[in-house]
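In: Whatever this is, show me its structure:
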Amino acid sequence: MSVKVALVDDHRIVRDGLKAILKGIGGFEVVYEAASGADLSAIPKNLKPDLVLLDIVLPDTSGLDLIPFIREQLGSRILVLTAEMEEELICTSLERGADGFMNKDASDEELKTAMNSVLHGEPYFGQNLSTIIYNSYKRKVKELKQMHDLPTLTDREIEIIRALGDGLSFKEVGARLFISPRTVENHKNNILEKLGLKNVIELVKYAIRHKIIPLD
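Out: You can find the predicted model right below:
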């Protein structure tokens, strides 16, 4: 029995090329084509593709936003096939449930390998993507470690930091928090000592870097 495949790509020439490749490989049958998210949402309910080849860039939505629909409503394996190789897109697609990710520049043989891998429950990442994913993983681990290593700040200290980040003087911070300017200065000195910083400028930079002060 042939593997049922759905193609989601807004370029007909790409879909036609994929159909020709799948025909040449054998064992795959294209049962549905979609040029947009709306097209995919109109797929007959009784049609359950085994595999969806999904592009990210579509005219009415991002292919990433279609991944939950494909997983939950169609129950299909998902292989993202795109020219977009940004790290954030790769990681987001995996977080949302894609089974694989590869470049449209891939060879016919690699596409066959990728499809067979995801159909057997094995994740597949195209050539050169493993390094991108590994580097992303290392950076996130480092960020988590830094977060765990941060000195604990009290709610009051965070209020002080955010008020100073707004450019307020000790007097203005005190008025906002209903404490004296001297108390504000004492808090500031304690915070600088706790964090190993020298002045308010370094403190504000630290707070922005560690998202204590949110950026609009």
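
In: what's around the closest residue to residue 83 other than its chain neighbours, how many residues?
Out: Nearest non-adjacent residue to residue 83, counting by Cβ to Cβ, 6 or more residues apart in numbering: residue 104, 4.9 Å away. C-betas here are computed from N, CA, C, even on glycine. Here the number of neighbours of residue 104 (other Cβ atoms under 10 Å) works out to 17.

In: Residue 104 contacts residue 84, correct?
Out: No - contact between residue 104 and residue 84 fails when scored by Cβ atoms under 8 Å: they sit 9.3 Å apart.

In: tell me, how many neighbours does residue 20 end up with?
Out: 11.

In: ok, it to residue 122 distance?
Out: Going from residue 20 to residue 122 by Cβ to Cβ, to the nearest Å gives 26 Å.

In: Closest to the centroid, which residue in this structure?
Out: residue 92 (2.6 Å; Cα atoms, centre = their mean).

In: And the next helix or strand past the helix or strand encompassing it?
Out: Assigned by DSSP states H and E, residue 92 falls within helix 87-96. Using DSSP H and E, the next helix or strand after helix 87-96 towards the C-terminus is strand 100-103.

In: Tell me the first helix or strand C-terminal of that following strand.
Out: helix 108-119.

In: Okay, strands next: where are they in the chain?
Out: Taking DSSP state E as the criterion, the chain contains strands spanning 3-8, 28-34, 51-54, 77-82, 100-103, 124-125.

In: okay, these in JSON lines with mean neighbour count and mean pLDDT next?
Out: JSON lines is the format used below for these (neighbours: other Cβ atoms under 10 Å; pLDDT from 0 to 100):
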{"stretch": "strand 3-8", "mean neighbour count": "22", "mean pLDDT": "97"}
{"stretch": "strand 28-34", "mean neighbour count": "18", "mean pLDDT": "96"}
{"stretch": "strand 51-54", "mean neighbour count": "26", "mean pLDDT": "98"}
{"stretch": "strand 77-82", "mean neighbour count": "25", "mean pLDDT": "95"}
{"stretch": "strand 100-103", "mean neighbour count": "23", "mean pLDDT": "90"}
{"stretch": "strand 124-125", "mean neighbour count": "20", "mean pLDDT": "88"}
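
In: what about these, which gets the closest to residue 160?
Out: strand 100-103 (44.6 Å; Cβ to Cβ).

In: mind listing what the closest one pairs with, with the direction of each?
Out: strand 77-82 (parallel), strand 124-125 (parallel) (DSSP bridges).

In: can I get those strands in TSV with distance to residue 162?
Out: Below are these laid out as TSV (distance: least, Cβ to Cβ, whole Å):
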stretch	distance to residue 162
strand 77-82	40
strand 124-125	41
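
In: got any ranges where this structure has weak pLDDT?
Out: 127-128, 130-131, 133-150, 215-216 (pLDDT under 70).

In: can you list the domains in it?
Out: Domain assignment of the chain by automatic domain parsing yields the ranges 3-137, 149-209.

In: Buried deepest among those domains, which one?
Out: Highest mean neighbour count among these (mean count of other Cβ atoms under 10 Å): domain 3-137, with a mean of 17.

In: check contacts around the closest residue to residue 101 other than its chain neighbours.
Out: Distances taken as Cβ to Cβ, 6+ apart put residue 80 closest to residue 101, at 4.5 Å, once the chain neighbours are dropped. For residue 80, the contact set (Cβ atoms under 8 Å, 6 or more residues apart in numbering) comprises 54, 55, 56, 63, 93, 98, 100, 101, 102.
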